[in-house]
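Engineer: Need the 3D shape of this:
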Amino acid sequence: MSSSSNLSIPSFIPDEQDAVPNEEEMSKKTKQIEVIQVNLNKCKDAAIEVVRQSAELLMITEPYVYKQGKVTFYDSNGQWIYAKAGVKQPRACIRVHPSLEPWLVEEFSDRDIATVAIKVQKKLTYICSVYLDIKLPVKKPMWVSLIKRCNDENIPLIAGLDCNAHSPLWGCKESNNRGELMEDLIHELQLTVANNGSTWTFEAGEHKSIIDITLMNERALLELGLEEWRVDRRHNFSDHNYIKYSFGKFLPGTRWSRNFRRGDWEKFEKTTDDAIDQQQLMEVKDMNNSLEELYLILNNALNQAAPMKKAPKCRPHRWWNNELQHLKMELLKLGDKRRQSADKMEKYREARRLFVKERKKAKQQSWRDFC
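Structural biologist: Presented below is the predicted three-dimensional model:
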């Protein structure tokens, strides 16, 4: 018999996230990377809403944070969230699909900048979310250093900014002093503004402006093919509208999971016992071969008792119910019309207060039922 020190776990055992039941399900097709860029205004409801979106990239400024000062999302949707660790009240973060092979670029990330490196068609690309505080200069040293690094090393760069500045360069009627400084920086660093049209990106009652912009360097302009840049004015619980666009191509991975809570464990036990008896594993003298056989038996039994299925894109909350769904749909309808008059704004506010109240009650009841 082989000594225990020579035992090896078979390498063919599939990882739960990557395993697929058949070739048809495994087929992959390239698609463009969908992006949503938005300032959440530190709003909890806006944070809940934005993570329900299916975009591969969320470029976020002023995210909702816990009292401890950490970025939080109530449903990460199987995706990864990046913000500078160790800073209090971060004002920039990025959520990104794991198929893009992301990692946080620490050198170019701080409280107001989140920079993530991804792979677009196997090429290194930088994505950056930037909050430019209106009380601070637009020429932020780290931001300038990032652009210069990307330009010098031919790295495509796309940046989503809340620049707090006005300029006709991105659709405003006229420039202010801060906008002129921003224009100079854009020309100096050879950047291109992706904004088109003059749809408001910020709307809070009578206060409206275009302060959210998308920038890219020359390499990104040539290689990434940014398309369909637009402002989505549908209600999203923030006072900033979604900016949406797409670029590049990638192979989306399909996530798979098992529902262990609904597994048929009597079937698992019977299938395992029958297979072990049939294979006579207890009598095999080659321990490595026995181990491989045992893994195959257990994996087969598991596939029968708790088969792999596509992971849901959004896991429903336990406390969510039909009444809340109805209230949310009514709220969204009123939200789209709230800008039309003071009366409609007041109806929207009343509906929102009711929605928040009922949601809180549903959460509390769910917790009582659980306990």
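Engineer: can I get the CA coordinates of stretch 352-371 in PDB?
Structural biologist: What follows is stretch 352-371, C-alpha atoms only, in PDB (Å, rounded to 0.1, in the frame of the first residue of the first chain):
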ATOM      1  CA  ARG A 352     -41.000  56.900  -1.300                       C
ATOM      2  CA  ARG A 353     -41.700  57.400   2.400                       C
ATOM      3  CA  LEU A 354     -44.400  54.600   2.200                       C
ATOM      4  CA  PHE A 355     -42.000  52.300   0.300                       C
ATOM      5  CA  VAL A 356     -39.200  52.800   2.900                       C
ATOM      6  CA  LYS A 357     -41.600  52.200   5.800                       C
ATOM      7  CA  GLU A 358     -43.000  49.000   4.300                       C
ATOM      8  CA  ARG A 359     -39.600  47.700   3.400                       C
ATOM      9  CA  LYS A 360     -38.400  48.200   7.000                       C
ATOM     10  CA  LYS A 361     -41.500  46.400   8.300                       C
ATOM     11  CA  ALA A 362     -40.800  43.500   5.900                       C
ATOM     12  CA  LYS A 363     -37.200  43.200   7.000                       C
ATOM     13  CA  GLN A 364     -38.200  43.200  10.700                       C
ATOM     14  CA  GLN A 365     -40.900  40.500  10.100                       C
ATOM     15  CA  SER A 366     -38.500  38.400   8.200                       C
ATOM     16  CA  TRP A 367     -35.900  38.600  11.000                       C
ATOM     17  CA  ARG A 368     -38.600  37.600  13.600                       C
ATOM     18  CA  ASP A 369     -39.700  34.600  11.500                       C
ATOM     19  CA  PHE A 370     -36.000  33.600  11.200                       C
ATOM     20  CA  CYS A 371     -35.400  33.800  14.900                       C
END
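Engineer: what does it rub up against?
Structural biologist: 45, 318, 319, 320, 321, 323, 324, 327, 328, 331 (C-beta atoms under 8 Å, 6 or more residues apart in numbering). No exception for glycine: its C-beta is placed from N, CA and C like everyone else's.
Engineer: So which of the residues you listed wins on neighbours?
Structural biologist: residue 331 (21 neighbours; other C-beta atoms under 10 Å).
Engineer: For the helix or strand in which that residue is found, what does the pLDDT average out to?
Structural biologist: Assigned by DSSP states H and E, residue 331 belongs to helix 322-337. What helix 322-337 shows for mean pLDDT is 82.
Engineer: end to end, how far does stretch 326-346 reach?
Structural biologist: End-to-end distance of stretch 326-346 (C-alpha to C-alpha, to the nearest Å): 19 Å.
Engineer: Okay, helices next: where are they in this protein?
Structural biologist: Using DSSP state H, the helices found in the chain span residues 23-26, 44-50, 141-152, 177-188, 218-223, 265-279, 287-305, 322-337, 342-370.
Engineer: List the buried residues in the fourth one.
Structural biologist: What it means is helix 177-188. Residues of helix 177-188 classed as buried: 178, 179, 181, 182, 183, 185, 186 (neighbour count, 16 or more other C-beta atoms under 10 Å).
Engineer: before we move on, what about the fifth one?
Structural biologist: Applying a neighbour-count criterion of 16+ other C-beta under 10 Å, the buried positions in helix 218-223 are 218, 219, 220, 221, 223.
Engineer: hey, C-alpha coordinates of it in CSV?
Structural biologist: Output of helix 218-223 as CSV, limited to C-alpha atoms (Å, rounded to 0.1, in the frame of the first residue of the first chain):
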residue,chain,number,x,y,z
GLU,A,218,-6.0,58.2,-27.3
ARG,A,219,-5.2,54.5,-27.0
ALA,A,220,-8.7,53.8,-25.7
LEU,A,221,-10.2,55.9,-28.5
LEU,A,222,-8.3,53.8,-31.1
GLU,A,223,-8.7,50.3,-29.6
